[in-house]
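Participant: with the sequence up front, the predicted model follows.
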Amino acid sequence: MGNLYIFDHPLIQHKLTYIRDKQTGTKEFRELVDEVSLLMAYEITRDLPLQEVEVETPVTTCKSKVIAGKKLGLIPILRAGIGMVDGFLSLIPSAKVGHVGLYRDPETLQPVEYYLKLPSDIQDRVLIVIDPMLATGGSAEAAITALKKRGARQMKLMCLIAAPEGIEKVRAEHPDVDIYVAAIDQQLDEHGYIVPGLGDAGDRLFGTK
Ligand SMILES: O=P(O)(O)OC[C@H]1O[C@H](OP(=O)(O)OP(=O)(O)O)[C@H](O)[C@@H]1O
Ligand SMILES: O=c1cc[nH]c(=O)[nH]1
Ligand SMILES: [Mg+2]
């Protein structure tokens, strides 16, 4: 089974509170998601492997470290995942970005795929799938399945808020994928929304509805 990590950094937790707040308007919501995504990128990359190189300083040469191993790929699940891209890229600007377009049918809660565009070398990258919300887990599960079908071999899932149901689903269907979240909430309501959650992430990010 994949590991489950909680981003417990105080700055992430502090900002998440204002993201949840229904009084937070679109502009501020977007800014906060952007800031939290940068902090989450910092946390999720703390296990990147390093290798020693020699560097010449103005004084002498010394051994120092650079990031080694596989490159990263960022895979936002449209639409809401887009809100997390810029923050992540401000820290890791060389990551390639692939898009998986999915929406959740409001009646059946099943994910419907409408778009897919990926970097050509996803098999050689560690992919970080990003979406603010992990509710039933259907969208994340479908996105990871779609990526595996196209050759993805190593993935992490990064979300702001997860419901226990979503975590369980992804861990059951994709035990090879580690999950990183800022909060695990209580449950889903009868419409599949996370309680207490933050409402509809896409609508709050883009000012729709
Ligand atoms: O875990 P699930 O039950 O699948 O729900 C989570 C999905 O729902 C939201 O997307 P939505 O369908 O609202 O699309 P949007 O991003 O275009 O608003 C959210 O951004 C996730 O992708
Ligand atoms: O609470 C939820 C559940 C799914 N999608 C959202 O945007 N919010
Ligand atoms: Mg939505």
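Facilitator: Right, received. Where do you want to start? Numbers count the residues shown, from 1 in each chain. Ligands and ions are numbered 1, 2, ... in the order given.

Participant: isn't residue 198 right up against residue 161?
Facilitator: Yes: between residue 198 and residue 161 a contact is recorded at 6.3 Å, counting by CB atoms under 8 Å. Bear in mind the C-beta positions are built from the backbone N, C-alpha and C, glycine included.

Participant: what touches both of the two?
Facilitator: 132, 133 (CB atoms under 8 Å, 6 or more residues apart in numbering).

Participant: what's the offset of the longest helix along the chain from the middle of its chain?
Facilitator: What stands out as the longest helix in the chain, according to DSSP state H, is helix 26-44. Taking CA atoms, centre = their mean, to the nearest Å, one finds the center of helix 26-44 at 11 Å from the center of the full chain.

Participant: for it, packing partners?
Facilitator: Applying 3 or more CB pairs under 8 Å, 6 or more residues apart in numbering; DSSP states H and E, we find helix 26-44 packed against helix 10-20, helix 85-91, strand 154-162, strand 178-184, helix 201-206.

Participant: any idea of the pLDDT on the closest residue to residue 71 other than its chain neighbours?
Facilitator: Distance criterion CB to CB, 6 or more residues apart in numbering; nearest residue to residue 71, sequence neighbours excluded, is residue 125 at 5.2 Å. Residue 125 is assigned 95 on the pLDDT scale.

Participant: still on that earlier bit, out of the helices and strands packed on helix 26-44, which is the most enclosed?
Facilitator: Among these, ranked by average contacts under mean count of other CB atoms under 10 Å, first place goes to strand 154-162 (a mean of 25).

Participant: tell me which other helices or strands that one touches.
Facilitator: Secondary elements touching strand 154-162 (3+ CB pairs under 8 Å, 6+ apart): helix 10-20, helix 26-44, strand 125-130, strand 133-134, helix 138-149, strand 178-184.

Participant: what would these look like in a markdown table with distance to ligand 3?
Facilitator: Formatted as a markdown table, those follow (distance: least, CB to the ion, whole Å):
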| stretch | distance to ligand 3 |
| --- | --- |
| helix 10-20 | 15 |
| helix 26-44 | 13 |
| strand 125-130 | 15 |
| strand 133-134 | 8 |
| helix 138-149 | 10 |
| strand 178-184 | 18 |
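
Participant: closest one to ligand 1 among those?
Facilitator: helix 138-149 (3.2 Å; CB to the nearest ligand atom).

Participant: does any part of that closest one sit near ligand 1?
Facilitator: Yes: judged by CB under 6 Å from any ligand atom, helix 138-149 and ligand 1 are in contact via 138, 139, 140.

Participant: show me what that helix is in contact with.
Facilitator: With CB under 8 Å, 6+ apart as the criterion, helix 138-149 contacts 75, 77, 98, 100, 102, 104, 109-111, 113, 116, 118, 122, 127, 129, 131, 134, 152, 155, 157, 159, 166, 169-170, 173-174, 177.

Participant: just the buried ones from these?
Facilitator: Buried members of the contacts of helix 138-149, scored by 16 or more other CB atoms under 10 Å, are 75, 77, 98, 100, 102, 104, 111, 116, 118, 122, 127, 129, 131, 134, 152, 155, 157, 159, 166, 169-170, 174, 177.

Participant: next step: the contacts of helix 138-149 restricted to helices.
Facilitator: 166, 169, 170, 173.

Participant: out of those, who's nearest residue 46?
Facilitator: Nearest to residue 46 among the ones in helices among the contacts of helix 138-149: residue 170, at 21.3 Å, using CB to CB.
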